[in-house]
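# Provided below are the primary sequence and the corresponding predicted coordinates.
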Amino acid sequence: SFRSNTTSTLTDVDSTHFIAIAKLASPQTILETETVAARYTSNSGQSITNTASIFKYEDLDSDTHSAYDIATGEYLVPTSGWYDVHASSQFVSSSTAEESRELTLLVDGTVVSNGIVTSQFESTASINTKIHLNKDQVVKIYAYNDTTTTASVTGAENVFSIARIK
């Protein structure tokens, strides 16, 4: 249907009748080029046990969408796309025997990537991966050590960062 705010007459002339349709900028088109990134660190010296548990990065460096919950250690993906994900934790040596130290990246409860190091000395496990994530998926980092130990209290050694790259 056509509506006009004035009285008008429609004539039967093909050259003067046309309709133009265009998509205007919307939150969707803005979101396609918007930066999505976060970086958190941890200096709390949290305990790492022989039962895999969520590693929480409690110190905010930046988070464009406030998508990471420091209380739960969960990152809620704000928009779909390809993401570059990095996580690291330095495990303080607690034994003279070699130990397996592990960080695990889970998306919606499914293991996506592991970073494993075996050492009797202080060592860093890390994950570096690119992955396609969908809006509202939940990303978590779990930590594991053969025996109970702690993470370093230096924030630069315990880092979680995520950035949409496309």
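Ah, there it is.

# For burial, what's the neighbour tally of the residue lying closest to residue 155 once chain neighbours are set aside?
The spatial neighbour of residue 155 that comes closest, neighbours along the chain excluded (C-beta to C-beta, 6 or more residues apart in numbering), is residue 41 at 3.6 Å. Using the backbone N, CA and C atoms, a C-beta is placed for each residue, glycine as well. By the criterion of other C-beta atoms under 10 Å, residue 41 has 19 neighbours.

# separation between the nearest residue in space to residue 121 that is not next to it in sequence and residue 47?
Distances taken as C-beta to C-beta, 6+ apart place residue 93 nearest to residue 121, at 5.3 Å, with adjacent residues excluded. Using C-beta to C-beta, to the nearest Å, residue 93 is found at 15 Å from residue 47.

# now the helices for this protein?
For the chain, the helices defined by DSSP state H occupy 27-31.

# Flag the shaky bits of it, pLDDT-wise.
1-5, 8-12, 14-32, 94-96, 118-120 (pLDDT under 70).

# can you pull out the strands in it?
With DSSP state E, the ranges of strands along the chain come out as 37-41, 47-48, 53-54, 59-63, 68-69, 74-76, 81-91, 99-107, 110-119, 123-133, 138-145, 149-150, 159-164.

# Report how many residues lie close to residue 89.
Counted with other C-beta under 10 Å, residue 89 comes out at 27.

# again with residue 151
23.

# Next: the one 4 residues further on.
The burial count assigned to residue 155 is 16, neighbours taken as other C-beta under 10 Å.

# separation between it and residue 100?
Counting by C-beta to C-beta - residue 155 and residue 100 are separated by 24 Å.

# now the end-to-end length of stretch 91-110.
Start-to-end span of stretch 91-110 (C-alpha to C-alpha, to the nearest Å) is 24 Å.

# buried stuff in it?
91-92, 94, 99, 101-107 (16 or more other C-beta atoms under 10 Å).

# who does residue 41 bridge with?
Counting by DSSP bridges, residue 41 is bridged to residue 59, residue 159.

# Look up how far residue 67 lies from it.
Taken as C-beta to C-beta, the span from residue 41 to residue 67 is 16 Å.

# Surely residue 125 touches residue 88?
Yes - with contact defined as C-beta atoms under 8 Å, residue 125 reaches residue 88; the gap is 7.0 Å.
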